[in-house]
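Novice: okay, sequence plus prediction incoming.
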Amino acid sequence: MNTSGAAATASRGSATRRWTAVVVVSAMAVVLLASVARALMTEPLGGNDETAHLDYAYQVWLGRLPVFEDGVVLTPGFGSSPPVQWVAQHPPLFYVLLAPIVGPLVDGQHMFAAVIAARFANALVAAATVLAVWWAVRQCWPDARRLAAAAAVVTSLTGMIILVGGAVYNDLLASTFSALALGLAARMLRGGISWGTAAAAVLVAVGGMSTRLSLAVFVGVMVVAALLSARRGESTPRAWAMRIGTAFALVVAPVAAIGWFYLRNVRLTGGITGGHPDWAAENLGRVDRSAVEVVSDTRFWSGLFSIFRIDSPADGYAPWLLLLIPIGSAVVAAIVWAVRGRRSPVSRASVLVGVMVVGVTVVVVAMQISYVTTGGAANTRYALPLIALLAAAVAVGLTAWRRLAPVLLSLWAVGAAATYTASFSVPLPITTSPWAEGMKWAAYALSLAALAVCLVGFARLSARRDAEVSTVA
């Protein structure tokens, strides 16, 4: 028995896991610190949406759910307030988590501290989103360690993640659940269903549907994955019972856990979404448009997919360069790969994962088109449930050229960090505080230090031959 060879292999695997951990943890630190810095540089409750979300959490603390027509109950004395409670249609999980943080501070008349504390809590959710994206990409493409690590870095520097992470919105919790759902679906397609995977999928389904109705798409993906999770040797009655039982639980558990809230929406508004399109049309100037008009409008696409912007316009060139250059690199790498004839057998599971990726993207975009046709606005936050797939697409272009991967990712990170840095020079209203200004700059400096550690860790990971199978040598 060759014990020395086995020991060497184990040592290499341990080193790969160690450098992967360095990249992922430091990427989480990047987005956490950047979100904290962002939280301290913008006016508290400077937008009606943030006030509405904070108010929802406070109303939960008071033991009730908000009602659209009743408006907000917070009287902060600064910032802005919406004329109605226009986030009341959202399920309550995010606000239940925030309520113990926000409630005591508001009751104690510490309104500014309540806003900052809620923002800091959301910065932690941003860090969780990075971890969820890394894990999801690992499940979708298990041989691509370098790809998953790069996707974590890309997520940590996504401008919209930082922007939302430094404010009070429920989008990042929804994005975390959507990434976990995709990862669990891929895990079922590739490895079948264990009791642990089934339990995790049910918990994610309940959490997702308790955060946003739109995550029903991702619950549906897990249901389909459960039914298609057959592997060779698993076509037994017991295996089929596990698949059908898991799919059934993925539907029944969310209905049992949060169905009451959607019935409340129906009772209050006449629809499961809880929206008020007539009020929006009358008071916000929203008008219906045809699907053709929406799809042919470049503002729709720029508004939806400019995920790398922070304070720059949605149609500015910088966010699109950060998105399209890596995707262009991935296309070139695929062409080179095809010309060189580097074809290998594609498994059934890989085909199903590919179909899942394309299918969920098409459905989410179609949902946004439908939303805009009824007078809604194309908002970049609404693309964040796709962050795992968008980050993976960018990461493919940055890692496809194995020897250049550390250089390409570093150059991309410098560009993304420059966009993030530029937001600090934007003349946004900043609430003066004896500690906020110094803490803001400290968080900013530490985020760049964490990024440096992240890139060094990625370079060390890329140097390892067992990091992944790359597209182009």
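Specialist: Thanks, I have it.
Novice: what helix or strand does residue 36 sit in?
Specialist: Taking DSSP states H and E as the criterion, residue 36 maps to helix 3-39.
Novice: check which helices and strands that helix is in contact with.
Specialist: For helix 3-39, the elements it packs on are helix 111-140, helix 145-156, helix 159-165, helix 436-462, judged by 3 or more Cβ pairs under 8 Å, 6 or more residues apart in numbering; DSSP states H and E. (Glycine included, C-beta is placed from N, CA and C.)
Novice: out of those helices, which one sits most buried?
Specialist: helix 145-156 (a mean of 30; mean count of other Cβ atoms under 10 Å).
Novice: re earlier: right, and the helix or strand after the helix holding residue 36?
Specialist: Using DSSP H and E, the next helix or strand after helix 3-39 towards the C-terminus is helix 48-61.
Novice: what does that next one rub up against?
Specialist: By Cβ atoms under 8 Å, 6 or more residues apart in numbering, the residues outside helix 48-61 that reach it are 45, 65-66, 72-74, 76, 79-82, 85-88, 90, 92, 94-96, 98-104, 106-107, 114-115, 118, 167-170.
Novice: then stretch 67-83?
Specialist: For stretch 67-83, contacts defined as Cβ under 8 Å, 6+ apart pick out 43-52, 54-55, 58-59, 62, 66, 84-86, 88-89, 106, 111-112, 115, 268-269, 274, 276, 279, 283, 431.
Novice: for stretch 318-337, same thing?
Specialist: With contact meaning Cβ under 8 Å, 6+ apart, stretch 318-337 is reached by 159, 302, 305-309, 312, 390, 393-398, 400-401, 408, 412, 415-416, 419, 471-472.
Novice: now with 6 Å?
Specialist: 306, 308-309, 312, 393-394, 396-398, 400, 415-416, 419, 471-472 (Cβ atoms under 6 Å, 6 or more residues apart in numbering).
Novice: so which of those residues wins on neighbours?
Specialist: The most neighbours of any of those, using other Cβ atoms under 10 Å, belong to residue 394, which has 30 neighbours.
Novice: how much space between the nearest residue in space to that one that is not next to it in sequence and residue 405?
Specialist: Residue nearest to residue 394 in three dimensions, not counting chain neighbours: residue 326, with 4.3 Å by Cβ to Cβ, 6 or more residues apart in numbering. As judged by Cβ to Cβ, to the nearest Å, residue 326 and residue 405 stand 11 Å apart.
Novice: which residues do those two both contact?
Specialist: With Cβ under 6 Å, 6+ apart, residue 326 and residue 405 have no common neighbours.
Novice: now the helix or strand hosting residue 391: average pLDDT?
Specialist: Assessed by DSSP H and E, residue 391 sits inside helix 387-399. Confidence for helix 387-399, expressed as mean pLDDT, is 95.
Novice: that one versus helix 111-140: what angle between them?
Specialist: Relative orientation of helix 387-399 versus helix 111-140 (axes from the mean of the first three to the mean of the last three Cα atoms, to 10 degrees): 60 degrees.
Novice: which neighbouring elements make contact with helix 387-399?
Specialist: helix 111-140, helix 145-156, helix 171-191, helix 317-339, helix 405-422 (3 or more Cβ pairs under 6 Å, 6 or more residues apart in numbering; DSSP states H and E).
Novice: any idea of the angle it forms with helix 436-462?
Specialist: Angle between the axes of helix 387-399 and helix 436-462 is 60 degrees (criterion: the same axes, to 10 degrees).
Novice: just how off-centre is helix 387-399 within its chain?
Specialist: From the chain centre to the centre of helix 387-399 is a distance of 13 Å (Cα atoms, centre = their mean, to the nearest Å).
Novice: now do the contacts for the residue nearest to the spatial centre of the chain.
Specialist: Centroid-nearest residue in the chain, with Cα atoms, centre = their mean: residue 175, separated by 3.3 Å. Residues near residue 175 by Cβ under 6 Å, 6+ apart: 129, 384-385, 387.
Novice: can you pull the pLDDT of residue 315?
Specialist: With respect to pLDDT, residue 315 has a value of 58.
Novice: kindly report the same for residue 269.
Specialist: Model confidence at residue 269, expressed as pLDDT, equals 93.
Novice: also residue 80?
Specialist: 89.
Novice: quick check on it: phi, psi?
Specialist: In terms of degrees, to the nearest 10, the main-chain angles of residue 80 are phi -130, psi 160.
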